[in-house]
Every structure is written in structure tokens, then in C-alpha cells.
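> Need a 3D model of the following:
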Amino acid sequence: MKQWIKRKGTVYTVIGLFIALVIMAAIIVFFTGGSPRKAVIMIPPGATEASVRDTLAKYYGDAYAGRVMQGASFIGGKLHEKPGLYDIEEGTSLWRVIWRLNGRRQTPVKFTINNQRTRQDIVNAVAQKFYFTPEALDSVLNDADEMAEYGLTPENATALFLNNTHEALWSNDPKRVVHRIGKAYNQFWTDERKAKAAKLNLKPEEVIIIASIAEEESTHADERGRIGRLYINRLQKGMRLQADPTVRFAMNDFTIRRVGRDMLMVESPYNTYRHEGLPPAPIRTVEPATVDAILNSAPSEDLYMCAKPDFSGYHVFTDSYSAHQQNALAYRKALNAKGIK
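As a prediction, the model looks like this:
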């Protein structure tokens, strides 16, 4: 009898172990199946369980999506409450997919500010990398208290955007993204740079505005510092800048190759032929190197500049108006010879 009971217990033990192994094997198979393909999964704020399942099914099919949702439910996860962007590589185990989504282990988003001209161009370029709208980002730029943290105003807020690459999370709200950009802006404006700007009787944002004009004037980085210094000279003498790029900006037409006399009369605070001083804000995002070139530029007597007639993109500089007229005449003849209007 005892032997029978012992034998029966052994059978139950074997059966129990077999069941446990089957369950463990099922769990391993369930959770370790690799993702069928690489995909970027985006779960927006306010998502529902059904919308998350649909997003997963779009890339992986209904069966795999169902396994992800079941696995998340098994550990008490609610993926629809975990907004973010998740870059899932092909072959990633099911368990790791669930671990990333449920733990909000997001893939950082890189976004680049690179020679955008208008405010709309800037907010569009940034917002397209995140879940929020350009309008939401613009509302932050219009917040006077927010901009005051960087010594700016809603009107000149675009000075915050230096050409650079930043990193943030897709689920960040626009205020946090602006703080990320603003942190880089504040780091750039060291005490040394601020002191150089002050020596020129300029605020940081004013140097950036001048840099934006210099970059629109020339594609050659090696003369932008001198161009910036020329405009500083004109400011200090109370002369209007009379910068052609500000006219193109005022007209919102960057295809204009030859600024005509009638264009000089367009009414806009950005038209430096009609208005004294600097435009209200930069006319493009600028390279930090251009700002440094202007801050470190050598003093000069330059007051006028004209493109060289060889179309090299370089300019002729002078402090003489009569010499400038001769330079301008030579350039106009070159334009006429090529039929450029």
C-alpha cells in the first residue's frame, strides 16, 4: 500500500513538472517571439486601447498586436496611458516590446533648426517632429513670461532658434521643447559673448538679427563678419541699414534676384529702406559661427557694400558713397548683360 502511494505521488510530481514545463515553454514562446519588422510606434496622448492595438496591427498584423496587448494586460500594463514614440527594431522580443511601451522607454527625437526664414517656417519645422501643432508651439513663443526667461519678447522670439540639432521626447509638450531650445540659447550666450555684444552697444538678440541679414547677404562665411560690422557702423552713425534681404523678407518673396526701386517702398517694419534701426526679429535662423564672426570682427570704416560683378558671391566694401555708386553701376551692368531682372 505504501509503495503504491509512493508510486502515485511520483506520478503526480512528474505530471506537475510536465505541466509546469509546458506553461513555462508557452510563456517563453509567447514573450520571446521577435517583432516581424522594424517600426516606429507612436502612441499619442489621449489614445485608447483600441487605437494602440490598431497602430500595432498596422505594422505587425492583428495576431502579433493581440499578443502584445495580452502580454501587457498580463502584467497590469495599460499601453494607451503611455504616450510616446518607440523605435522598435526587427526581431525585438515580445517581452522587450511590452517592457519598452509599458515603461515609456521612448526613443529620443532629434530635430534640426537649419536656415528657416519665417516664423511659420520655424514652428512648422519643429512641430512636425512632435505630436503638438505649430499653433501650439507658436502660442508658447507668444507668451511674454516664457520669452522673458531668455531676455526676449514675443516679437523677437525667433532669435531663440540658432541653427543646431536638439534632442527631446516626442511626447514633450511645446513648452518643454522651447525650454530645451532655450537652454542651448542661454548656454551659447556666455558672459564673454554678452560682454562682446555690450561693447558693440548691442543686445544678444540684436547681434542675431544682424547675423541673419549678413547670412542672407552672402553665402561666403568668411565675409559675414565684415558685413555684420558694416551694419553696426551704419547703426552707430544713425544711417538706415538699407539691406536688400530685409525687402525680400518684407515681401515674403525669396526668389527676387534684383531688388527694384518700387520694391523699396513696400510698407513693413522689416523694410530697412523705410525704417530706421534693426528689423523687429531675425530674418532667418543663423549659424552660431556667424554670430561669433560678428562679435570678433575687426573695426572698420565700411558703410557700403555691393556684390562683385564677377558673380562670385563676394562683395566690394567702401566708406565712400561715390565709390559705392561706381561699384553699383558695374554690378548693374553685369546684371543687364546676363538679362537678370
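
> tell me the contacts of Arg248?
If you count contacts by Cβ atoms under 8 Å, 6 or more residues apart in numbering, Arg248 has them with 216, 254, 256, 259. Yep, even glycine has a C-beta here, placed from its N, CA and C like the rest.

> mind checking how far the first one is from Asn233?
What that stands for is Glu216. 18 Å (Cβ to Cβ, to the nearest Å).

> Neighbour count for those two, which is higher?
The neighbour comparison of Glu216 against Asn233 (other Cβ atoms under 10 Å) goes to Glu216, with 22 against 17.

> what's the distance between the more buried one and Arg117?
8 Å.

> hey, what's in contact with both of the two?
Joint contacts of Glu216 and Arg117 (Cβ under 8 Å, 6+ apart) are 249, 283-284.

> Please indicate which of the residues you listed are buried?
249, 283-284 (16 or more other Cβ atoms under 10 Å).

> the helices in the stretch 151-300 of the chain, which residues?
With helices called from DSSP state H, counting those that start in this stretch, the stretch 151-300 of the chain shows them at 174-188, 191-199, 204-217, 224-236, 244-251, 288-295.

> The stretch 1-150 of the chain now?
Going by DSSP H, counting those that start in this stretch, the stretch 1-150 of the chain shows helices at 2-32, 49-60, 62-74, 94-102, 119-127, 134-141, 144-148.

> related to what we said a few turns ago, with respect to burial, which of the helices of the stretch 151-300 of the chain scores highest?
Stretch with highest mean neighbour count among the helices of the stretch 151-300 of the chain: helix 204-217 (a mean of 25; mean count of other Cβ atoms under 10 Å).

> by contact count, what packs against that helix?
helix 191-199, helix 224-236, helix 244-251, helix 288-295 (3 or more Cβ pairs under 8 Å, 6 or more residues apart in numbering; DSSP states H and E).

> after the last one, next one along is what?
Going back to what we said before, that points to helix 288-295. strand 304-307 (DSSP states H and E).

> Could you give the average pLDDT over that next one?
For strand 304-307, mean pLDDT rounds to 96.

> which outside residues touch that strand?
Residues contacting strand 304-307 (Cβ under 8 Å, 6+ apart): 217, 227, 230, 313-321, 323-324, 327-328, 330-331.

> State the next helix or strand along the chain beyond it.
strand 315-318.

> List the buried residues for that next one?
Buried, per 16+ other Cβ under 10 Å, within strand 315-318: 315-318.

> Kindly indicate which of the shared contacts of Glu216 and Arg117 lies nearest Phe132.
Checking the shared contacts of Glu216 and Arg117 against Phe132 by Cβ to Cβ gives Arg284 as the nearest, at 23.5 Å.

> show me the contacts for the closest residue to Asn296 other than its chain neighbours.
Once flanking residues are discounted, Asn296 sits nearest to Gly225: 6.7 Å by Cβ to Cβ, 6 or more residues apart in numbering. Counting by Cβ under 8 Å, 6+ apart, Gly225 touches 214, 290, 293-294, 296-297.

> Gln242: neighbouring residues, count only.
Neighbours around Gln242, by other Cβ under 10 Å: 15.

> my guess is it contacts Thr272, does it?
Yes. In this structure, Gln242 is within contact of Thr272 by Cβ atoms under 8 Å, at 5.9 Å.

> Where does pLDDT dip in the chain?
1-33 (pLDDT under 70).

> So what are the structural domains in it, by residue number?
Domain assignment for the chain by automatic domain parsing gives 1-31, 33-106, 109-188, 191-337.

> just checking, Leu85 touches Gln106?
Yes. Counting by Cβ under 8 Å, Gln106 is a contact partner of Leu85 at 5.7 Å.

> what sits in contact with each of the two?
Shared contacts of Leu85 and Gln106, counting by Cβ under 8 Å, 6+ apart, come down to 169-171.

> And stretch 96-116, what's buried?
96-102, 106, 109, 111, 113, 116.

> Next, the distance between the ends of it.
With Cα to Cα, to the nearest Å applied, stretch 96-116 spans 39 Å between its terminal residues.

> what sits up against it?
31, 35, 40-41, 43, 68, 71-72, 75, 77, 79, 82-88, 122, 125-126, 129-130, 161-171, 181, 215, 284-285.

> So for Tyr86, what's the nearest residue that isn't a sequence neighbour?
Nearest to Tyr86 is Ile41, by Cβ to Cβ, 6+ apart, at 4.6 Å.

> Enumerate every residue touching that neighbour.
55-56, 59, 85-86, 88, 101.

> and it, how far is that from Arg176?
Where Arg176 is concerned, Ile41 sits at a distance of 21 Å (Cβ to Cβ).

> rewinding a little: could you dump the shared contacts of Glu216 and Arg117 into CSV and include distance to Arg193?
As requested, those are exported to CSV (distance: Cβ to Cβ, whole Å):
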residue, distance to Arg193
Phe249, 25
Ile283, 21
Arg284, 20
